[in-house]
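Peer 1: could you work out the structure for the sequence below:
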Amino acid sequence: VNAELTETCRYAIRRKESSRTGSVLILRFFHGYYIHEIAQLLRTQKQPVYDLLRIARREARVFLGTQKLCD
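Peer 2: Below is the predicted model of the structure:
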């Protein structure tokens, strides 16, 4: 579990440079921000934040799956 968490963190850090999804993932799961707080930071409604989190989780699962295949 610790290794997966580390890889997810690495993925999010790389992804935040090119997309909001990485930033949202970091804010929510590593810094503990609430959805409404992230929405305020992004100056948007809560639904787009939920959508970004859904996308980020899916991308992270794919990333972790390809990492396992490479090991």
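
Peer 1: which strands and helices lie in contact with the helix ranked longest in the chain?
Peer 2: When the chain is scanned for its longest helix (criterion: DSSP state H), the result is helix 46-70. Helices and strands touching helix 46-70, as assessed by 3 or more C-beta pairs under 8 Å, 6 or more residues apart in numbering; DSSP states H and E, comprise helix 2-16, helix 20-25, helix 35-42. Where C-beta positions appear, they are placed from N, C-alpha and C, glycine not excepted.

Peer 1: those: which one's closest to D51?
Peer 2: When these are compared for distance to D51 using C-beta to C-beta, the nearest one is helix 20-25, at 9.4 Å.

Peer 1: okay, the closest one in PDB with CA atoms only?
Peer 2: Taking only C-alpha atoms (Å, rounded to 0.1, in the frame of the first residue of the first chain), the coordinates of helix 20-25 have been written out as PDB:
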ATOM      1  CA  ARG A  20      -5.600  20.600 -13.100                       C
ATOM      2  CA  THR A  21      -6.300  17.000 -12.300                       C
ATOM      3  CA  GLY A  22      -3.000  16.500 -10.600                       C
ATOM      4  CA  SER A  23      -3.400  19.600  -8.500                       C
ATOM      5  CA  VAL A  24      -6.900  18.700  -7.400                       C
ATOM      6  CA  LEU A  25      -5.700  15.200  -6.500                       C
END
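
Peer 1: from here on, call the first residue 53.
Peer 2: Okay, residue one is now 53; in that scheme the one you just asked about reads as helix 72-77.

Peer 1: how about low-confidence regions in this protein?
Peer 2: Low-confidence segments of the chain, defined by pLDDT under 70: 119-123.

Peer 1: spatially central residue for it, please.
Peer 2: Nearest to the geometric centre of the chain sits L77, at 2.5 Å (C-alpha atoms, centre = their mean).

Peer 1: hang on, it packs against A112?
Peer 2: Yes - in terms of C-beta atoms under 8 Å, L77 counts as a neighbour of A112; the distance is 6.9 Å.
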